[in-house]
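Q: Provided below are the primary sequence and the corresponding predicted coordinates.
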Amino acid sequence: MTTAPVETTTYLCTGCPLGCRLEVDAVEGDIVEIRGFDCRKGERYARQEHLDPRRPVSTTVTIEAGTLPRLPVRTAEAFPKDEVMRLVRQLQAMRVVAPVARGQVVLDDALGSGIDVIATRSMAADPEADAGDAGGDPQRARSSAV
Amino acid sequence: MTMTTQPRHLASYYDVLVVGGGPAGLAAALGARETGAERVLVVDRELEAGGILLQCIHSGFGLRYFREEITGPEYAERSLEQALESHVDVLSDAFVFDVTEDRTVAIMSPTVGVATTTAASVVLAMGARERTRGAIAIPGTRPAGVLTAGLAQKLVNLHGYLPGRRVAILGSGDIGLIMARRLTLEGIDVVGVFELMPHANGLSRNIVQCLDDFDIPLHLSTTVVDIVGHDRVEKVTVAPVDAHLTPQLDRSWDVACDTLLLSVGLIPENELSRQLGVRMDPLTNGPVVTSEMETSVPGVFAAGNVAHINDLADWVSEEALIAGRAAGRRATGQRVPADNIRVLPGRNVASVVPHSISTDRVHTLYLRVKEPMLEDSLIRLGDVHERKVRALVPAEMASIKAAPRLLEDFHGDALRIDAVPAQEVTT
């Protein structure tokens, strides 16, 4: 009977300023040992980071007729790390129209994750803004990035 | 929805007038209302109150103050809602250009023109601004493309402009790290973060989530020694530094980039305070304050980054509540016992706020260490109290509480705050 090799991955703990170097030993993807932590928080973090790393994602979307040309948004909960870039690209291509309320869902079930993207501020409609002017300035970031 | 109740005119008198509508100003106003102060006005120079939080679109705010992890804009809006719901007046797009010793406040704005009003108490909550290229004197030419990380953050997050295509960042403060990630998400090439000190200045969470996640290199003990470019930045020259922080020019190398972001610290914005003549602490660059956050000018209080640079908005709000309540009490004729013990920074402590405490109630002292202490450490309050902490780093403010029972047998007039390794102390 052959034994599968032990693979060791290291993580820097983000729980506190100590910044413990965490080591996770895994055999065929199953965690067999976690070392280097100084508290339960560290152990839990290492396990989560190894099995299913997630990140809170914040970015902006283009908003038309608002008091500002960009609306800040975030994922309602931490999002799978490997999908962050794809999510941000999708949000970059989006446009919403003012008024918007804080907490309003801007994109539901993002990339089929079951996680919504929500507005992180309210934005009134600017009485002086023309609808559709948010991307009109060629120097603005998104118009050239999309 | 954002509620705006822009006052149409300025009253001739306010119980409490707060200068600045960021987290400090809004919490101070709320604190003032709690004590029964009737007329409370916040004056903010931007079009909408909220301060720098409005451009800090990342999460990590509110865990203490709102008991929920939220982003900067959410924190700002909730703080504003709290203030407005408690009937605070918020005058935005208005600039305070003078505060006198008798608390006459001069204001300029499109709605009220140039006007003066008086207040029983004034709270200074102007926040801080970023250190610039001039503050750290980087040699080289003067091309476009050299800007502070916070300005880049404003351009990207509020206005949708990108500051460049290929960006180097000097300084590993949290704003710089946050911007490294933000620009990467926007498709910009972030070529590296350069830090003069041998340790990162930002939170380890930001090192992992803003740099490591995107393979952005962090060069410690390295600084920018030259900026090259005529109209636009073409490259920067970086060099490692020795133990005395002197750049080793023979080991320098060039980094091609069109933009250099600076994340090299914040300076409390105290022009008004200096003009007024409040006593300043050279260690915090802010006013000397009592445990009630009162400055040396009676009736003038200070809260938030104007008093000392904080890492967390939550701490700013908590401290501002104290300042606001004190301002409100003064305006309504309520008194608390005065401070009778001075607080001094001791071993490995860069600064402590407040600068004095009283023996009748519990006070929280906020301190920052000079050198990182990555082992079990003690924060000691004279020889009357100590608190064990796991690690102390300059990037993270620490605190210790001083309670009346600890001071029962203390008869001196000053307490020294020390940060010492735990194993040094014999038990």
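A: Good, I have the coordinates. Numbers count the residues shown, from 1 in each chain, chains lettered A, B, ... in the order given.

Q: how far away is the residue nearest the centre of chain A from B:Ala180?
A: The centre of chain A sits closest to A:Val57, judged by Cα atoms, centre = their mean, with a distance of 2.0 Å. Remark: distance between A:Val57 and B:Ala180 (Cβ to Cβ, to the nearest Å) = 15 Å. C-betas here are computed from N, CA, C, even on glycine.

Q: likewise for A:Arg89?
A: 18 Å.

Q: of these two, who's got more company?
A: A side-by-side neighbour count of A:Arg89 and B:Ala180, using other Cβ atoms under 10 Å in any protein chain shown, places B:Ala180 first with 28 against 14.

Q: so, low pLDDT: which residues of the chain?
A: You didn't pick a chain, so chain A it is. A:1-2, A:17, A:129-146 (pLDDT under 70).

Q: let's do chain B instead
A: Those would be B:1-5, B:425-427, if you go by pLDDT under 70 across chain B.

Q: give me the helices and strands touching the top helix by length along it, please.
A: Identified as the longest helix of chain B according to DSSP state H is helix B:313-331. Using 3 or more Cβ pairs under 8 Å, 6 or more residues apart in numbering or on different chains; DSSP states H and E, the elements in contact with helix B:313-331 are strand B:13-19, helix B:23-34, helix B:72-85, strand B:113-124, strand B:300-302.

Q: which bits of chain A sit near chain B?
A: Contact residues, chain A versus chain B (Cβ under 8 Å from any Cβ of the partner chain): A:11-14, A:16-19, A:38, A:55-56, A:58-60, A:62, A:67-70, A:72, A:74, A:81, A:84-85, A:88, A:92, A:99, A:101-102, A:120-124, A:134, A:139-142, A:145.

Q: put the buried members of the residues you listed into a ChimeraX selection.
A: Entered in ChimeraX, the line below selects the buried ones among the residues of chain A next to chain B, by 16 or more other Cβ atoms under 10 Å in any protein chain shown:
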select /A:11,12,13,14,16,17,18,19,55,56,58,59,60,62,67,68,69,70,72,74,84,88,92,99,102,120,121,122,123,124,134,140,141,142
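
Q: narrow the residues of chain A next to chain B to those in strands?
A: Taking DSSP state E, the ones among the residues of chain A next to chain B that sit in strands are A:11-12, A:55, A:58-60, A:62, A:70, A:72, A:74.

Q: how is chain A divided into domains?
A: Domain assignment for chain A by automatic domain parsing gives A:6-51, A:58-145.

Q: closest to B:Ala144 out of those domains?
A: For the domains of chain A, proximity to B:Ala144 was assessed by Cβ to Cβ; domain A:58-145 is nearest, at 13.5 Å.

Q: if I pick the residue lying closest to B:Asn310 once chain neighbours are set aside, what's in contact with it?
A: Counting by Cβ to Cβ, 6 or more residues apart in numbering or on different chains, B:Val316 is the residue found nearest to B:Asn310 once chain neighbours are left out, at 5.0 Å. Shown in contact with B:Val316 (Cβ atoms under 8 Å, 6 or more residues apart in numbering or on different chains): B:22-24, B:27, B:303-305, B:310.

Q: ok, now A:Ala76?
A: Counting by Cβ under 8 Å, 6+ apart, A:Ala76 has contacts A:115-118.

Q: list the buried residues of the longest helix along chain A.
A: Longest helix in chain A by number of residues, with DSSP H as the criterion: helix A:40-51. By neighbour count with 16+ other Cβ under 10 Å, helix A:40-51 contains the buried residues A:42-43, A:45-46, A:49-50.

Q: mind putting the contacts of A:Ala76 in a markdown table, neighbour count and distance to B:Ile379 included?
A: Shown next, in a markdown table, are the contacts of A:Ala76 (neighbours: other Cβ atoms under 10 Å in any protein chain shown; distance: Cβ to Cβ, whole Å):
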| residue | neighbour count | distance to B:Ile379 |
| --- | --- | --- |
| A:Ile115 | 21 | 40 |
| A:Asp116 | 18 | 42 |
| A:Val117 | 26 | 41 |
| A:Ile118 | 20 | 39 |
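
Q: name the nearest of the residues you listed relative to chain B.
A: Lowest distance from chain B to the contacts of A:Ala76 (Cβ to the nearest Cβ) belongs to A:Ile118, with 9.5 Å.

Q: name the element the closest one belongs to?
A: Following DSSP states H and E, one finds A:Ile118 within strand A:117-119.

Q: and the contacts of that strand?
A: With contacts defined as Cβ under 8 Å, 6+ apart, strand A:117-119 is touched by A:57, A:71-76, A:87, A:91, A:96, A:100-108, A:110.

Q: which of those fall in helices?
A: A:87, A:91.

Q: so for stretch B:226-244, first residue to last residue, what's the gap.
A: The distance separating the two terminal residues of stretch B:226-244, taken as Cα to Cα, to the nearest Å, comes to 19 Å.

Q: and stretch A:99-115, by the same measure?
A: 23 Å.

Q: quick one: contacts of it?
A: Here stretch A:99-115 makes contact (Cβ under 8 Å, 6+ apart) with A:61, A:63, A:66, A:71, A:73, A:75-77, A:79-80, A:83, A:86-87, A:90-91, A:94, A:96, A:116-125, B:1, B:73-74, B:77.

Q: for B:Met126, give me its contacts.
A: Applying Cβ under 8 Å, 6+ apart to B:Met126 gives the contacts B:19-20, B:268-272, B:306.

Q: show me just the buried residues among the residues you listed.
A: B:19-20, B:268-270, B:272, B:306.

Q: for A:Gly19, give its distance to B:Met397.
A: 17 Å.

Q: repeat for B:Arg380
A: Remark: distance between B:Arg380 and B:Met397 (Cβ to Cβ) = 17 Å.

Q: what do you get for A:Arg35?
A: 31 Å.

Q: comparing those two, which residue is more hemmed in?
A: B:Met397 (19 against 14).
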